[in-house]
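S.K.: no sequence on this one, just coordinates:
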């Protein structure tokens with residue numbers, strides 16, 4: 001059964017998830033073969049696939065390294081399920097890259113609980129968040145999580161509050177150099193994304209509407225149960241779980257504020273929701289209930305995915 005298969009964190013599980021991602025990625029690309037006509041687009045699609053696979057392993061690394069779950073591979077598998085639930089994510093290069101850089105930032109922020117080199121972690125996280133915002137501007141909201149982390153761990157040193165601004169100027173200088181040396185259109189590319197829209201009537205088909213409704217229901221279930229379970233977490237881990245909860249809320253805010261909205265913008269919520277979902281599954285004592293929940297997620301995601309091909 002599915003839950004039993006991914007109940008352990010074995011290398012073969014991550015190989016299997018990666019192979020499944022490759023299969024479903026190219027299945028979705030069969031909707032339009034025009035990308036095969038040019039070497040550049042072939043390289044681009046291959047590169048995005050590699051970034052998605054790297055994102056899977058980042059999810060696994062962050063979760064395992066920071067003790068956010070037990071020794072299983074549910075988080076990576078749930079991340080994969082959310083990807084196929086919203087297959088438009090697989091072809092949105094900007095959000096794929098933005099999410100990858102956010103994962104790099106979250107890797108540093110969540111590990112701040114160790115209090116080892118906090119200044120370097122604050123700078124790195126801020127740097128990657130500003131880089132992510134170049135691909136999708138509203139990812140800049142995740143800077144709030146940097147200040148939340150400072151409050152949780154190192155608020156007494158005033159220098160820590162200044163580090164995000166140093167990271168901003170570092171990214172700004174690099175961006176200006178890129179504009180001057182590579183392509184002046186980059187400035188307009190970013191400026192066009194600094195817009196707000198609350199228009200949610202973007203659905204291209206019924207399956208996209210169903211996918212959002214299903215995802216919203218699952219998200220409320222995972223989020224609410226883990227908020228209630230927060231007080232039962234070990235005291236030394238509560239700040240990490242609070243950051244995961246805040247990460248999910250900030251991801252929802254990114255989706256809500258984004259202009260030219262589509263379901264792929266929800267990708268920034270996939271990691272925190274995968275962690276929350278993993279904790280939810282771990283809390284289910286009945287084996288058959290756990291199998292039913294995970295099996296239901298897989299079945300509905302497959303139906304919605306193939307309905308959009």
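M.R.: It's in. Only a predicted model underlies this, so the values are computations on that prediction, with no experimental measurement involved.
S.K.: and residue 203, how many neighbours?
M.R.: Other residues within reach of residue 203 by the criterion other CB atoms under 10 Å amount to 15. Every C-beta, even on glycine, is put in place using the N, C-alpha and C of the backbone.
S.K.: would it count as being in a strand?
M.R.: No. The assignment for residue 203 (DSSP: H, G, I helix; E, B strand; the rest coil) gives coil, which keeps it out of a strand.
S.K.: so how far is residue 215 from the residue lying closest to it once chain neighbours are set aside?
M.R.: Leaving aside its chain neighbours, residue 203 sits nearest to residue 209 (4.7 Å; criterion: CB to CB, 6 or more residues apart in numbering). Applying CB to CB, to the nearest Å, the value for residue 209 to residue 215 is 11 Å.
S.K.: higher neighbour count, the two?
M.R.: Neighbour count, other CB under 10 Å: between residue 209 and residue 215, residue 215 has more, with 21 against 14.
S.K.: which non-adjacent residue is nearest that one?
M.R.: Excluding its sequence neighbours, the residue lying closest to residue 215 (CB to CB, 6+ apart) is residue 85, at 6.1 Å.
S.K.: ok, that neighbour - contacts?
M.R.: For residue 85, the set of contacting residues under the criterion of CB atoms under 8 Å, 6 or more residues apart in numbering consists of 211, 214-215, 300-301, 304-305.
S.K.: rewinding a little: and the residue nearest to residue 203, what's its pLDDT?
M.R.: Residue 209 is assigned 91 on the pLDDT scale.
S.K.: so which helix or strand takes in it?
M.R.: In this structure, residue 209 sits in helix 206-229 according to DSSP states H and E.
S.K.: Identify the residues contacting residue 166.
M.R.: With contacts taken as CB under 8 Å, 6+ apart, residue 166 has the following neighbours: 123, 126.
S.K.: just the one 4 residues further on next, same as before
M.R.: For residue 170, the residues meeting the contact criterion (CB under 8 Å, 6+ apart) are residue 127.
S.K.: And it, how far from residue 132?
M.R.: With the distance defined as CB to CB, residue 170 ends up 14 Å from residue 132.
S.K.: cool, residue 86 as well?
M.R.: 19 Å.
S.K.: Show me which of those two is the more surrounded one.
M.R.: Neighbours around residue 86 and residue 132, counted as other CB under 10 Å, are more numerous at residue 132. The numbers are 27 against 24.
S.K.: for the stretch 201-309 of the chain, what spans make up the helices?
M.R.: If DSSP state H, counting those that start in this stretch is used as the criterion, the helices of the stretch 201-309 of the chain fall at 206-229, 238-257, 270-282, 287-307.
S.K.: helices and strands around the shortest one, which ones?
M.R.: So that's helix 270-282. Packing partners of helix 270-282 (3 or more CB pairs under 8 Å, 6 or more residues apart in numbering; DSSP states H and E): helix 39-65, helix 74-85, helix 93-110, helix 206-229, helix 238-257, helix 287-307.
S.K.: Could you do the second one as well?
M.R.: Packing partners of helix 238-257 (3+ CB pairs under 8 Å, 6+ apart): helix 93-110, helix 143-153, helix 206-229, helix 270-282.
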